[in-house]
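J.: I'll drop the sequence and a predicted model, then ask my questions.
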Amino acid sequence: GDSVTQMEGPVTLSEEAFLTINCTYTATGYPSLFWYVQYPGEGLQLLLKATKADDKGSNKGFEATYRKETTSFHLEKGSVQVSDSAVYFCALLSGDSSYKLIFGSGTRLLVRP
Amino acid sequence: EAQVTQNPRYLITVTGKKLTVTCSQNMNHEYMSWYRQDPGLGLRQIYYSMNVEVTDKGDVPEGYKVSRKEKRNFPLILESPSPNQTSLYFCASRRRDRLAEQYFGPGTRLTVT
């Protein structure tokens, strides 16, 4: 079945460092891909999305490019802030009739001042 | 304000004592679902509902029940909770035709002793 694999965390960075969180997927067809962010004590929020190959999703300085050839959707940000500390989930939209989101295990990011 | 609300936010209970976690959305969304979040496993779908009186099992439905008598409400029922149901639960909703735009509630942390 469809699945998402994320890099293990936690990821600890200093403020203004470059961020990469790896995400790869296994799916039949061409699923839509997402990054969700979960701030402490809150629910998940959609951060960005891409619906077809080579699409680049971007929001709040974060970017991710849908790479069909490597089945990847890595999250990047050029200069992280303390306020970016959160758990980040990569997800895909399943192609079956449930249209459910399939999530990776999440990666905790801690940004130090 | 558009939102998904859950109650309670925190609950500690004992094995076998029936409980209900409520979920309500004010966006007139057709689709609602329940997820559980466990360390290292990400979010897994428990049940979903495409519309009123239409519900279906997700990936981990055992030990849970749901109902969808009204469009805005989608309660999660644990008839006889067990310790392996200790988890963080999220309700989510979206429009039927907006597959990518899922809104999450703030979460309910359940502990079953």
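T.: The structure has been received and is ready for your questions.
J.: isn't B:Tyr48 right next to B:Thr55, touching?
T.: Yes - under the criterion of C-beta atoms under 8 Å, B:Tyr48 makes contact with B:Thr55 at 7.1 Å. Quick note: C-beta positions are derived from backbone N, CA and C, even for glycine.
J.: Of these two, give the one with the bigger neighbour count.
T.: Neighbour tally, B:Tyr48 and B:Thr55, criterion other C-beta atoms under 10 Å in any protein chain shown: the higher count belongs to B:Tyr48, 23 against 18.
J.: what's the pLDDT at that one?
T.: You'll see B:Tyr48 listed with a pLDDT of 94.
J.: Do any residues in whatever helix or strand B:Ala92 lives in lie close to chain A?
T.: Element membership of B:Ala92 [criterion: DSSP states H and E] is strand B:87-94. Yes - using C-beta under 8 Å from any C-beta of the partner chain, strand B:87-94 reaches chain A at B:Phe90, B:Ala92.
J.: That strand - contacts with which helices or strands?
T.: Here strand B:87-94 touches strand B:4-7, strand B:19-25, strand B:31-38, strand B:103-104, strand B:108-112, going by 3 or more C-beta pairs under 8 Å, 6 or more residues apart in numbering or on different chains; DSSP states H and E.
J.: Rounded mean pLDDT for that strand, please.
T.: Mean per-residue pLDDT for strand B:87-94: 95.
J.: What strands line up against it, and which way round?
T.: Using DSSP bridges, the strands paired with strand B:87-94 are strand B:31-38 (antiparallel), strand B:103-104 (antiparallel), strand B:108-112 (antiparallel).
J.: Buried residues, that strand. List them.
T.: Buried residues in strand B:87-94, defined by neighbour count with 16 or more other C-beta atoms under 10 Å in any protein chain shown: B:Ser87, B:Leu88, B:Tyr89, B:Phe90, B:Cys91, B:Ala92, B:Ser93, B:Arg94.
J.: now do stretch A:25-38
T.: For stretch A:25-38, the neighbour count (16+ other C-beta under 10 Å) marks A:Tyr25, A:Ala27, A:Pro31, A:Ser32, A:Leu33, A:Phe34, A:Trp35, A:Tyr36, A:Val37, A:Gln38 as buried.
J.: before we move on, the earlier item: mind putting the strands paired with strand B:87-94 in JSON lines, distance to A:Thr71 and mean neighbour count included?
T.: Converted to JSON lines, the strands paired with strand B:87-94 look like this (distance: least, C-beta to C-beta, whole Å; neighbours: other C-beta atoms under 10 Å in any protein chain shown):
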{"stretch": "strand B:31-38", "distance to A:Thr71": "23", "mean neighbour count": "24"}
{"stretch": "strand B:103-104", "distance to A:Thr71": "26", "mean neighbour count": "22"}
{"stretch": "strand B:108-112", "distance to A:Thr71": "34", "mean neighbour count": "18"}
